[in-house]
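> attaching a predicted model along with its sequence, questions to come.
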Amino acid sequence: IRLKFSMKTVTSWFMGQKGAMRKFVSVLDGVILFFIFVVLFSYVFGGFGIDIAGYSILQSNELHKPLVQLLFLIFFRMCLFRQDIRGKMNSIESLVHSMDPLIKRSVVFGFFGFIIGILPRLSSIFLGETTRGGQGFDVDFVPTNLVNHFWQLMTQYIPKVLGLWTPAVQLYDYGIQSFYFLNGIFLVIVIFLISQAIISFLKPRWQEVKDIVRLRGLVFNPSQVFLVLPILICTAVIISQGSPATRYLFPLHGVVSIWTAIYLEKLRHKSKIFFTFALIGWCMFSAVGIYQTYVTHGIVRDFSIVEKPNRYSKIIEFCKEHEILHAYSGYGISAVGSFLSRGDLQIAEYTKDVWGWKIKERLAREDDFAIIVDGRNSSHLETYQKYLDGNLHSYSRNIVKGENSADDLYYIFSNFQGEAEIIDRLRSLIVG
């Protein structure tokens, strides 16, 4: 079907329409098809908008508006000229009958699958539960914005998403210091590999690239996915109303990685020495980049892991000093307490409905345990304090200050003396 359509075919068909009325109706049919696309896009993805120089040309975030406009255009078209409607319907019917049965079956299954998938969305719109789509995709065709976005994309955001921006800036800022100079050498190797990979992949497919840009028919080849995807990503980022962002370009990183892997595979058969050298350079560049990221975030310093104080470190220290190996607490402490203590302290939730039921089953077999209550949770603290004072013979209460502020207090109850059944209820005293 694609081979039957081209700009030349559409232009010759339009010029062949007799009379100004038929030509106007042809343009109107094109507008109706465009509105059908806009309605489907807005209902599936949440919205669509076109701005030029800050002026809104088309907005479909209000989900009922494009549908009402579409119905009005269809009604206007039928009132204006309906003599050719039967002929168009017959043409569509003959096209369907001329299709291969396998293709026809696939189209039918795809259509019903689309209807089933979009039915919840349509029902929420018709019931009034959803009246407005999400942010959608807004585009702006101001020439200055297009040039600015293209420049930012090529000189800043693509190098950032490929991990080339930071090493280049550091090499420029710190000069020929040994570490940054060595990383600069790896940077040159990686840039060379990426450029060679792009040339190696695009050169034999350059005619396909030109046909894609010109919207010409193509003989399908699976590798065309890695041609179309970067073109669509870069085009979408350039025409978008907002500035480019690295998160939109993550698929481009995957495409470039695949191009590089294909090039390295070809290189392996030509020269194993150069292949090994390139692979080592790439791995060293990635390792240095990961290390610098950890240093920037304060995770590593001088090739050693930085142990940061956490809000529960004093609780863990107190329990270790007093040989408390098992405890019950709220969700926040129980979720990370065992991990931060490196398994020395096992903490389960003291609520009846818990997520970590396995650790609670293990702790149920332990006779000695403690209760840790966050002082900011006054209801839990009051519940435990009242129960302990009214039912136990004696117990120990200690207050541990947290790391953040003076109000960050934790109450640790232990050494319970009383009936075993009453003590056992402390494990699940909180409801909810």
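In hand now; what should we look at?
> so where do the helices sit in the stretch 251-400 of the chain?
Secondary structure of the stretch 251-400 of the chain by DSSP state H, counting those that start in this stretch: the helices cover 272-296, 313-321, 331-340, 357-363, 378-391.
> mean neighbour count added to those, as JSON lines?
C-beta here means a position set from N, CA and C on the backbone, and glycine is covered the same way. JSON lines is the format used below for those (neighbours: other CB atoms under 10 Å):
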{"stretch": "helix 272-296", "mean neighbour count": "14"}
{"stretch": "helix 313-321", "mean neighbour count": "17"}
{"stretch": "helix 331-340", "mean neighbour count": "17"}
{"stretch": "helix 357-363", "mean neighbour count": "14"}
{"stretch": "helix 378-391", "mean neighbour count": "14"}
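> any stretches of the chain with poor pLDDT?
1-7, 45-64, 128-138, 175-177, 354-356, 403-406, 432 (pLDDT under 70).
> where do the domain boundaries of it fall?
Following automatic domain parsing, one gets these domains for the chain: 2-138, 142-305, 313-428.
> nearest to Thr235, of the helices of the stretch 251-400 of the chain?
Proximity to Thr235 (CB to CB) singles out helix 272-296 among these, at 28.4 Å.
> which outside residues touch the closest one?
By CB atoms under 8 Å, 6 or more residues apart in numbering, the surrounding residues in contact with helix 272-296 are 163, 166-167, 170, 183, 186-187, 189-190, 193, 260, 264, 267-268, 300-301, 303.
> what do you get if the cut-off is 6 Å, keeping everything else the same?
Gly163, Asn183, Phe186, Ile189, Val190, Leu193, Leu267, Arg268, Val300 (CB atoms under 6 Å, 6 or more residues apart in numbering).
> so which of those comes closest to Leu229?
For those, the minimum distance to Leu229 (CB to CB) is 19.5 Å, reached by Gly163.
> which SS state does that closest one fall under?
Of the three states, Gly163 takes coil according to DSSP: H, G, I helix; E, B strand; the rest coil.
> what is the burial count for it?
16 (other CB atoms under 10 Å).
> how about it, nearest residue that isn't a chain neighbour?
Nearest non-adjacent residue to Gly163, counting by CB to CB, 6 or more residues apart in numbering: Gly289, 5.3 Å away.
> name the helix or strand for Ile423, please.
Take DSSP states H and E as the rule and Ile423 turns out to sit in helix 420-424.
> can you name every helix or strand that that helix contacts?
Packed against helix 420-424 by the contact rule (3 or more CB pairs under 6 Å, 6 or more residues apart in numbering; DSSP states H and E) you find no helix or strand.
> check the offset of that helix from the chain's centre.
Distance, stretch centre to chain centre, for helix 420-424: 49 Å (CA atoms, centre = their mean, to the nearest Å).
> show me where this protein has its strands.
In the chain, the strands defined using DSSP state E lie at 48-52, 55-59, 137-140, 300-301, 304-305, 326-329, 346-349, 370-374, 394-401, 409-417.
> dump those into CSV; add mean neighbour count as well.
As requested, those are arranged in CSV below (neighbours: other CB under 10 Å):
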stretch, mean neighbour count
strand 48-52, 18
strand 55-59, 13
strand 137-140, 18
strand 300-301, 13
strand 304-305, 8
strand 326-329, 24
strand 346-349, 25
strand 370-374, 23
strand 394-401, 14
strand 409-417, 18
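> in stretch 227-247, what's buried?
Leu227, Pro230, Ile233, Cys234, Val237, Ile238, Ile239, Ser240, Gln241, Pro244, Thr246 (16 or more other CB atoms under 10 Å).
> and of these, the nearest to Ile115?
The closest of the buried residues of stretch 227-247 to Ile115 turns out to be Ile233 (CB to CB; 29.2 Å).
> distance of that closest one from Gly87?
Per CB to CB, to the nearest Å, Ile233 is found 41 Å from Gly87.
> cool, and Val300?
73 Å.
> before we move on, what about Gln417?
96 Å.
> try Val228
Distance, Val228 to Gly87, by CB to CB: 35 Å.
> before we move on, back to that, which residues are in contact with the helix holding Ile423?
Asn391, Phe416.
> re earlier: how about the buried residues of stretch 227-247 in JSON lines, adding distance to Met78?
Converted to JSON lines, these look like this (distance: CB to CB, whole Å):
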{"residue": "Leu227", "distance to Met78": "42"}
{"residue": "Pro230", "distance to Met78": "43"}
{"residue": "Ile233", "distance to Met78": "40"}
{"residue": "Cys234", "distance to Met78": "41"}
{"residue": "Val237", "distance to Met78": "40"}
{"residue": "Ile238", "distance to Met78": "39"}
{"residue": "Ile239", "distance to Met78": "34"}
{"residue": "Ser240", "distance to Met78": "37"}
{"residue": "Gln241", "distance to Met78": "35"}
{"residue": "Pro244", "distance to Met78": "44"}
{"residue": "Thr246", "distance to Met78": "49"}
